[in-house]
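> here are the coordinates; sequence isn't available:
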């Protein structure tokens with residue numbers, strides 16, 4: 001009798017969760033704070049290495065970023081996710097001596113990513129996820145520098161791109177059967193690591 005009862009309970013549980021038996025797709029978006037793991041000292045060192053006597057830089061290493069994503073869970077624990085992240089704009093300004101040059105600029109970073117997903121339900125309405133994959137990033141920099149007068153001011157820009165590892169962890173809180181609040185942390189492992197903490201909504205189907 002007990003064996004029959006357990007078997008019936010397991011079968012009922014499986015039937016009541018066709019979403020994971022058949023797979024589950026999802027889409028979502030989050031917004032939050034992004035930061036770059038760099039320092040004004042690193043920029044100063046790089047400028048002195050080019051021939052300036054000294055350099056003093058002020059760096060704004062954080063901004064607002066957002067992420068749009070979609071994914072598919074093949075079962076309750078494993079899936080794949082693709083997304084786009086706009087990591088915002090990081091500004092800097094400063095001055096050198098030997099010779100004296102005043103400068104300012106900004107760097108904009110965005111990326112597409114593809115990652116495998118490990119999903120771990122820890123309660124009826126809560127799940128922890130971990131992600132690892134590749135980020136295909138683009139960075140655009142613009143700089144204005146001068147020695148005083150308008151006629152002595154020059155501007156320039158440069159673009160760069162690359163592919164690096166991306167890792168992330170997050171937690172989702174189900175609000176309804178098809179909607180969850182999602183809180184994420186992501187890191188792109190470039191030479192200057194870029195992080196983002198964000199929160200938003202995820203819809204499943």
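Everything's here; your move. Everything quoted here is computed from the prediction, not taken from an experiment.

> just for the protein, where's the confidence low?
Residues of the chain meeting the criterion pLDDT under 70: 1-22, 39, 148-151.

> please redo it, this time with the cut-off set to 80
Applying pLDDT under 80 to the chain flags residues 1-22, 38-42, 148-152.

> neighbours around the residue nearest to residue 170 when sequence neighbours are not counted, how many?
Spatially, and ignoring its direct neighbours in sequence, residue 170 is nearest to residue 184 (3.9 Å; CB to CB, 6 or more residues apart in numbering). Any C-beta I mention is one placed from the backbone N, CA and C, and that applies to glycine too. Here the number of neighbours of residue 184 (other CB atoms under 10 Å) works out to 22.

> Would you confirm that residue 184 contacts residue 67?
Yes: when contacts are counted by CB atoms under 8 Å, residue 184 is listed as touching residue 67 (7.2 Å).

> Could you check how far the residue nearest to residue 170 is from residue 72?
Using CB to CB, to the nearest Å, residue 184 is found at 17 Å from residue 72.

> Which parts of the chain are strands?
With DSSP state E as the criterion, the chain has strands at 24-36, 54-60, 62-73, 78-97, 101-121, 126-146, 153-174, 179-188, 194-204.

> Kindly reformat these as TSV containing distance to residue 44.
Listed next are the strands of the chain as TSV, based on distance: least, CB to CB, whole Å:
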stretch	distance to residue 44
strand 24-36	16
strand 54-60	4
strand 62-73	19
strand 78-97	8
strand 101-121	12
strand 126-146	15
strand 153-174	19
strand 179-188	24
strand 194-204	21
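
> do you know which of those strands lies nearest residue 45?
strand 54-60 (8.1 Å; CB to CB).

> helices or strands up against the closest one?
Secondary-structure packing of strand 54-60 (3 or more CB pairs under 8 Å, 6 or more residues apart in numbering; DSSP states H and E): helix 40-49, strand 78-97.

> Just grab the bridge partners of the nearest residue to residue 190 once chain neighbours are set aside for me.
Leaving aside its sequence neighbours, residue 190 sits nearest to residue 164 (CB to CB, 6+ apart; 5.0 Å). Beta bridges link residue 164 to residue 135, judged by DSSP bridges.

> right, and residue 164 touches residue 135 too?
Yes: look at residue 164 against residue 135 with CB under 8 Å: they come within range, at 5.5 Å.

> These two - which one has more neighbours?
residue 135 (23 against 16).

> contacting residues for that one?
Contacts here follow CB atoms under 8 Å, 6 or more residues apart in numbering; on that basis residue 135 touches 85, 111-113, 163-166, 188.

> Is it possible to mark the buried ones in those?
Taking 16 or more other CB atoms under 10 Å as the criterion, what is buried in the contacts of residue 135 is 85, 111, 113, 164, 166, 188.

> Determine which two of those are furthest apart.
Spatial extent of these (CB to CB) is set by the pair 85 and 164 at 12.7 Å.

> Show me what the closest residue to residue 28 other than its chain neighbours is bridged to.
Sequence neighbours aside, residue 202 is the residue nearest to residue 28 in space, at 3.5 Å (criterion: CB to CB, 6+ apart). On the basis of DSSP bridges, residue 202 is bridged to residue 28, residue 180.
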